[in-house]
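Novice: pasting the sequence and the predicted coordinates here, then a few questions.
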Amino acid sequence: MTRSLRLLLVWLPMLPLLLACSGPDETRIAETETPTVAALSATPTSTATATVEPSVTATATSPATPSPAATGTMVPSQAPPTATATATPEAEPTPLGQSPPPAYVPDPRPVDQQVTLPDIDTHYQLDITEINVDTGFVQASQTITIREFREPPPEQLMLQVVPAGYGFFTLDRMALNGQEITPGTLNDGFTLVVDLPQGIQAPAELAIEFHLNVGIDPTGWGYSMLDADVLRLGYWYPAISDDHSFGDLLDPSYTRVSGFDVSVTTEPGMPIAHTGDLASEEPQPDGRVRYSYSSTDTRDFALVLSRSYQVVSTISATGVAVEYYWRSAADGGLSAEAAEQRRQNVLFWTADAVDRLSALLGPYPYSTLRIVDAGPAQPAGIEFAMLIYIAPNYPSLDRLIYHEVAHQWLYAIIGTRTQIDGWVDEGGAEFFERGLPTDFAEVPPVPAEGYLFPLDAHQDEIEGAGRNQGYFSIYEQGARFYYDVMSLMGWDAFWAAMTDFYERFRFEIATAYDLLALWQRHSDVDLRPLYRETFRYEWIDNLADPGVEIQQGWVPILSLRSTAGADRN
Ligand SMILES: [Zn+2]
């Protein structure tokens, strides 16, 4: 019988030092470590445990002791069976009527599994003042307001500019807190780099004027592109991200959720499919109309415009509005009845997917999900927050819709590092694409030539190998892996883990480590042998034993007492 203690008690004076180191070895506690009285009297903020990553700024303010409710998300739902007193940090007796003081347990993510997006609360105001759906010209002004730095401000902000990947983007002007600035560029102009002055504080405002000359992406996949009478605007504005490059197999957008207020001033009656909800329609003196939309906690904000859109809609059993923006031009060859039946099918499959995924993972948190015919060149489908591009003539449209709706959970609600951990969201979407229509009985077969890339391959590795190779290696191999985990864990434990995944990472970013650790936490069977067979990750052996919770954040001593030393072996 071995003992494994995977919790490190960290005392307040050491916090800056600990935040600077992040290797997996630092996450273990020595059995003999005993907190000092001074450490035990530390009184960190009650909000620190509500987030997945440690909050430095929070410790300096708001000296409230966490209530059990505030730390509830980090506390295991069931006590491990073999906790013993000898492994427990010996705290001073707590006077009656006082909550025990918490201890800080740092983020256990290995270095390659850190979330490199700055932890800031942002709001985007985006105003399209000119738009031409025939030429693809878009003039826009944007204000990104940083409402809170949840960690010390970074030295630089990295803005991803996805339309620059196609050559569609021109920056006209940028100002930080009213001061005109010239950003640097990285990744062939895909990334704009903004230096932040020392001592910058929230709120801070980054104002950007830009225009787009949206043209044709010959592959048809363009997130933003002009496709016949459809103007697609997906990932169309500069967004706070990290230093990564454009890639068109695994989605190039990597962002935190934000609040959005977006307006489009255009001709009256222009059909616009959009993220968020319509807030107002204001007639302008020049005869145009300003359509205003807003959303909260969405990872991006997409728009698709076409004069030829018509809209059919339904309400799902769980109360989510489903709208389908369709074009009669896509119905060529179908009888009127068949075309109408297809529209009804699109609504049915979408609503069915929303309701079943809500039951399996956690509720769809937005009012509406919009399905959009993205134009004749679109090969299949692409997911955005609250909005999905489809090709209505795709041969297995039901499968396509199940796949793209699953992305509302895996990428949009639960954020992922799409280019690094493609297997988490694309493998997951493929798992649901095959699973929802077959009651999870359809496992994708291994191709005759095997998989060209290991499952943890990232965009830069598979770039250039061709879409099919990426598809088999990441999507299909990923779906097989989800099935393998489910069959090892068992049905109930697997879905308990997935709902836990949703609860912990809704509106956050989850990495491969987070999902693998959570499955192991909910499993009675040790999943590490499967993980070792599948991945190149060097930290698999550092994962806890089955059933062991790795806590992080400000954790009450009492909960450490009940979990430290848990080990089923
Ligand atoms: Zn996908």
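Specialist: Structure received. Numbering: from 1, shown residues only.
Novice: C-alpha only now, for contacts and for neighbours.
Specialist: Noted.
Novice: wait, residue 240 sits on residue 160?
Specialist: Yes - counting by CA atoms under 8 Å, residue 240 touches residue 160, with 6.3 Å between them.
Novice: more neighbours: which of these two?
Specialist: Applying other CA atoms under 10 Å to residue 240 and residue 160 shows that residue 160 carries more neighbours, namely 31 against 23.
Novice: for that one, which residues are in contact?
Specialist: Residues in contact with residue 160 (CA atoms under 8 Å, 6 or more residues apart in numbering) are 190-192, 238-244, 253.
Novice: any chance of those residues in TSV, plus secondary structure and distance to residue 539?
Specialist: Below are those laid out as TSV (DSSP: H, G, I helix; E, B strand; the rest coil; distance: CA to CA, whole Å):
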residue	secondary structure	distance to residue 539
190	coil	32
191	strand	30
192	strand	33
238	coil	34
239	strand	31
240	strand	29
241	strand	26
242	coil	23
243	coil	24
244	coil	23
253	coil	26
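Novice: what helices or strands is whichever strand or helix holds residue 226 leaning on?
Specialist: Assessed by DSSP states H and E, residue 226 sits inside strand 224-227. Counting contacts by 3 or more CA pairs under 8 Å, 6 or more residues apart in numbering; DSSP states H and E, strand 224-227 is packed against strand 230-233.
Novice: which neighbours does the strand it packs on have in its sheet, and in what orientation?
Specialist: In the sheet, strand 230-233 lines up against strand 224-227 (antiparallel), strand 303-305 (antiparallel) (DSSP bridges).
Novice: switch these over to JSON lines; also include mean pLDDT, distance to residue 414 and mean neighbour count.
Specialist: Shown next, in JSON lines, are the strands paired with strand 230-233 (pLDDT from 0 to 100; distance: least, CA to CA, whole Å; neighbours: other CA atoms under 10 Å):
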{"stretch": "strand 224-227", "mean pLDDT": "98", "distance to residue 414": "23", "mean neighbour count": "27"}
{"stretch": "strand 303-305", "mean pLDDT": "98", "distance to residue 414": "21", "mean neighbour count": "23"}
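Novice: still on that earlier bit, closest one of the contacts of residue 160 to residue 532?
Specialist: Residue 532 lies nearest to residue 244 out of the contacts of residue 160, by CA to CA, at 27.3 Å.
Novice: and the closest one, how far from residue 255?
Specialist: Distance, residue 244 to residue 255, using CA to CA, to the nearest Å: 11 Å.
Novice: mind giving me the domain ranges of this structure?
Specialist: With domains defined by automatic domain parsing, the chain comprises 12-108+550-563, 119-307, 437-542.
Novice: got TSV for those, with distance to residue 419 too?
Specialist: Output for the domains of the chain, formatted as TSV (distance: least, CA to CA, whole Å):
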stretch	distance to residue 419
domain 12-108+550-563	21
domain 119-307	5
domain 437-542	5
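Novice: to residue 377, which of the ones you listed lies closest?
Specialist: With distances scored as CA to CA, the stretch of the domains of the chain nearest to residue 377 is domain 119-307 (4.7 Å).
Novice: tell me, what residue is most central in this structure?
Specialist: Closest to where the C-alpha atoms of the chain average out (CA atoms, centre = their mean) is residue 415, at 0.9 Å.
Novice: that residue - that's part of a helix, no?
Specialist: No - checked against DSSP: H, G, I helix; E, B strand; the rest coil, residue 415 lies outside a helix; its state is strand.
Novice: hey, where'd the helices end up in the stretch 51-200 of the chain?
Specialist: Using DSSP state H, counting those that start in this stretch, the helices of the stretch 51-200 of the chain run over 57-60.
Novice: any weak-confidence spans in it?
Specialist: 51-100 (pLDDT under 70).
Novice: packing partners of the one helix or strand residue 400 maps to?
Specialist: Assigned by DSSP H and E, residue 400 belongs to helix 397-409. Here helix 397-409 touches helix 336-360, strand 381-384, strand 387-390, helix 428-435, going by 3+ CA pairs under 8 Å, 6+ apart.
Novice: and those as a markdown table, adding distance to residue 328 and mean pLDDT?
Specialist: Listed next are the helices and strands packed on helix 397-409 as a markdown table, based on distance: least, CA to CA, whole Å; pLDDT from 0 to 100:
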| stretch | distance to residue 328 | mean pLDDT |
| --- | --- | --- |
| helix 336-360 | 9 | 98 |
| strand 381-384 | 18 | 98 |
| strand 387-390 | 14 | 98 |
| helix 428-435 | 27 | 98 |
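Novice: and of these, who's closest to residue 470?
Specialist: Smallest distance to residue 470 across the helices and strands packed on helix 397-409 (CA to CA): 12.9 Å, for helix 428-435.
Novice: the closest residue to residue 407 other than its chain neighbours - how many residues pack around it?
Specialist: Leaving aside its sequence neighbours, residue 407 sits nearest to residue 429 (CA to CA, 6 or more residues apart in numbering; 5.8 Å). By the measure other CA under 10 Å, the count of residues near residue 429 is 27.
Novice: give me the spatial nearest neighbour of residue 391, chain neighbours excluded.
Specialist: residue 380 is the one closest to residue 391 (CA to CA, 6+ apart), at 5.1 Å.
Novice: and residue 442, by the same measure?
Specialist: Closest residue to residue 442 apart from its sequence neighbours, by CA to CA, 6+ apart: residue 434 at 5.7 Å.
Novice: contacting residues around that neighbour?
Specialist: In this structure, residue 434 makes contact with 399, 440-444, judged by CA under 8 Å, 6+ apart.
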